[in-house]
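# when you get a sec, could you give me coordinates for this:
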Amino acid sequence: MPEARTKVLHCAPSLGIGGTEKVMQFFAETLDPKRFDVAVFSPQDGPRAPMLRASGIATFIGGDLFAVLERFKPQIVHIHRAGWPEPGTLKPLRLARIPIVVETNVFGRHDPSPEALVITRTLFVSRFCLERFHRTNAVPENPERYSFLYNPVDTDFFAEAARTDRDFSRPVAARISRSDPGKWSGLALDFLPFLTARIPDFRYHIIGGIPQARDFVSQNGLEANVIFHDPVETDAEIAAFLDKASVLAHANDTGESFGLVIAEAMACGLPVVTHPAAGERDNAQLELVDHGETGFVAHSAEEYAAALEWLFTHPEKAAEMGRKGREKAASLYRRQTVTRQLESIYETLLEKRA
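Model (predicted):
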């Protein structure tokens, strides 16, 4: 008789278009179907639900998690969450006596609550988050309990979909984020007067524009330079949007616990300009972007503008940075590679449980 597949239930707070939900979807779809029987639970519906079902993944939306656990009977539950205490959310896992609970800890936070004792393995989404977790919490290092696993990126798709005739001398930058002030930095706008004074025909394509950004553009007479776009949902739409640009302009005061958009732009062959976040805020963007190799790390609006100008005026170097970024993304973030690493973690935990 064929060996029974291991049942894995992925749980996410919603099935929206955010990065947390995208990572969950990629893992669910890429796990080896010969070895794993995968389903997804979320209390909130969203556009990823039909995508999952189109890939043959069963979805349980809304209702009682405990009832879903009793019905599906998973050996592994993989939760995708911020990492801080969420009273009541882990209780069903304890009541259902789930043998293995894996947590993807998106923001690198600590949950000291008794409920968190149900978690078997915590996976942070970057080395930075793992190291900060141990640095700022009285939690001993234990690789069998706490480790990092990069977010999966469909690097194969982006490498194939991205344009091959990109002209890196074109003064065009792109920015993608949610339309949320928490995903912005003043640096994302403050560099504009410096750069447009030197490159009047600079163009800046933005997804996720907030009212403050639109006001800044209007007040500074930059309507000819800045183009706002509607949100996108699919990797094909992301690749098409990035095809407009010669560089990704990233700026977020809260920083990135991983930086999915950065990794996707690198997979498309774009150099990236970013900046450090202050103090113990998220700084994984500095883990992805190697200064002078795959892009630049700027510390002020003047430096940011100068980095963009240098890339536009050194197109061969910009193309080389883009190639190095694509190679790094394919090596570290490729969805198939990262999912194989996750499967190995699952199998190790199953062996220990047995």
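# what residues does the helix or strand hosting K22 touch?
Secondary structure from DSSP states H and E places K22 in helix 19-30. Outside helix 19-30, the residues that touch it by CB atoms under 8 Å, 6 or more residues apart in numbering are 10, 12-15, 38-40, 42, 46, 48, 51-52, 55, 57, 78, 80-81, 104, 106, 125, 151-152, 154, 258, 260, 335-336, 339, 342. To be clear about C-beta, it is placed using only N, CA and C from the backbone, and glycine gets the same treatment.
# can I see the domain layout of this protein?
Domain assignment of the chain by automatic domain parsing yields the ranges 6-152+334-353, 155-332.
# can you list the ones you listed in JSON lines and add mean neighbour count and mean pLDDT?
Below are the domains of the chain laid out as JSON lines (neighbours: other CB atoms under 10 Å; pLDDT from 0 to 100):
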{"stretch": "domain 6-152+334-353", "mean neighbour count": "18", "mean pLDDT": "97"}
{"stretch": "domain 155-332", "mean neighbour count": "19", "mean pLDDT": "97"}
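# any chance you could map the strands in the stretch 101-250 of the chain?
121-124, 146-148, 172-176, 203-207, 226-229, 247-249 (DSSP state E, counting those that start in this stretch).
# right, and these - which one's nearest A329?
Nearest to A329 among the strands of the stretch 101-250 of the chain is strand 247-249 (12.0 Å), distances taken as CB to CB.
# now do that closest one: which elements does it pack against?
strand 172-176, helix 260-267, strand 272-274, helix 301-313 (3 or more CB pairs under 8 Å, 6 or more residues apart in numbering; DSSP states H and E).
# following the longest one, which helix or strand shows up next?
Toward the C-terminus, helix 301-313 is succeeded by helix 315-332 as the next helix or strand (DSSP H and E).
# identify all contacting residues around that next one.
Outside helix 315-332, the residues that reach it (CB under 8 Å, 6+ apart) are 150, 153, 155-156, 158-159, 166-169, 246-247, 263, 265-272, 288, 290, 293-295, 311-312.
# ditto for stretch 160-169
With CB under 8 Å, 6+ apart, stretch 160-169 has contacts from 235-236, 239-240, 242-243, 246-247, 267-269, 311-313, 315-316, 318-319, 322.
# just the CA trace of that stretch, in CSV.
The C-alpha coordinates for stretch 160-169 follow below in CSV (Å, rounded to 0.1, in the frame of the first residue of the first chain):
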residue,chain,number,x,y,z
GLU,A,160,11.1,34.6,-17.5
ALA,A,161,8.5,37.4,-17.4
ALA,A,162,10.8,40.4,-16.9
ARG,A,163,11.8,42.3,-20.0
THR,A,164,15.2,41.4,-21.5
ASP,A,165,15.7,44.8,-23.3
ARG,A,166,15.6,47.0,-20.2
ASP,A,167,17.4,50.3,-20.8
PHE,A,168,19.0,51.2,-17.5
SER,A,169,19.8,54.7,-18.7
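# over to stretch 33-46 now: how far is its first residue from its last?
24 Å (CA to CA, to the nearest Å).
# then stretch 282-290?
Terminal-residue distance, stretch 282-290 (CA to CA): 16 Å.
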